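Colleague: return atomic coordinates for the entry below.
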Amino acid sequence: LLIHYARRLLALSAEATQALASDVDLEVLRIGMPEDFDARRMALILAGFTRNHPQVRLETISGMSLDLRQRLDAGDIDIALIKREPDSGPAWATWPERLVWVKGTEFDTSSGVLPLALFPQGCLYRQRAIRLLDVAQRPWRVAFGSHSLTGIQAAVASGLGISVLPVSALLPEHEVCTDLPELAPTELALVSREGVLSGLQRGLVEFLRGELGVDAGGFA
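Modeller: Below is the predicted model of the structure:
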């Protein structure tokens, strides 16, 4: 009986030693991405990186770009894709993101107070929409709010309100509003925290630059 328990204890000890040794050998890379990114596409891209680098454990954190920038500065994450005003700081790569006013197919924007479907405070799209409508002296109200891109898309499609979205986020049920103030492009930027990047961190940056390429603006 004692031999039986001894063998089990030795097997557990060997398993624990192997698990701890494997974990020590892993390098953790922490990357942030906006809440409204195409999570499926990003997951496929990151899966490609981990297949080529089995010694890496990726930790992804989603949030609003403003929050990601703060977490980057605090050292909570190493690399981030953020949405920002063009030319607003250093970056490993940047891509323009074309914005448009979006409405449902039956929505009339010609009269009354404009109902808006918006992301929360701090969102660049929200800031652009409110600022331009105020300058144009167009009355507005927030009719729907959500952190989720799919929630905003559905609200617009159902006629709850209009919104500002990237061209890549338009659905067949959407129409572009042509009678509202023109929107200048925003910017998608690949940034990192200050300091020298490790070899694998730099490898992830280069991998993302290659995978996103000219299609980076296709993210929502």
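
Colleague: residues contacting the closest residue to Trp92 other than its chain neighbours?
Modeller: Using Cβ to Cβ, 6 or more residues apart in numbering and skipping residues adjacent in sequence, the residue nearest Trp92 is Leu190, 4.6 Å away. For the C-beta atoms, the positions are set from N, CA and C on the backbone; glycine is no exception. Going by Cβ atoms under 8 Å, 6 or more residues apart in numbering, Leu190 touches Ile79, Ala80, Leu81, Ala91, Trp92, Ala93, Thr94, Val205, Leu208, Arg209, Leu212.

Colleague: now Leu190: which helix or strand?
Modeller: strand 186-192 (DSSP states H and E).

Colleague: after that strand comes which helix or strand?
Modeller: In N-to-C order, the element after strand 186-192 by DSSP H and E is helix 199-212.

Colleague: could you give the angle of that next one to strand 186-192?
Modeller: 160 degrees (axes from the mean of the first three to the mean of the last three Cα atoms, to 10 degrees).

Colleague: what is helix 199-212 packed up against?
Modeller: If you count contacts as 3 or more Cβ pairs under 8 Å, 6 or more residues apart in numbering; DSSP states H and E, helix 199-212 packs onto strand 27-34, helix 39-52, strand 79-84, strand 93-97, strand 186-192.

Colleague: nearest to Thr150, of the ones you listed?
Modeller: In terms of Cβ to Cβ, the element of these nearest to Thr150 is helix 39-52, at 10.2 Å.

Colleague: grab the nearest non-local neighbour of the residue nearest the centre of the chain.
Modeller: Against the mean C-alpha coordinate of the chain, by Cα atoms, centre = their mean, the closest residue is Pro34 at 2.2 Å. In space, and not counting its chain neighbours, Pro34 is closest to Ser65: 5.3 Å by Cβ to Cβ, 6+ apart.

Colleague: who's in contact with the one you found?
Modeller: Contacts of Ser65 (Cβ under 8 Å, 6+ apart): Pro34, Ile82, Lys83, Arg84, Gly122, Cys123, Leu124.

Colleague: ok so, going back, look up the residues forming beta bridges with the residue nearest to the centre of the chain.
Modeller: Gly63 (DSSP bridges).

Colleague: that one contacts Leu66, correct?
Modeller: No. Using Cβ atoms under 8 Å, Pro34 makes no contact with Leu66, being 9.9 Å away.
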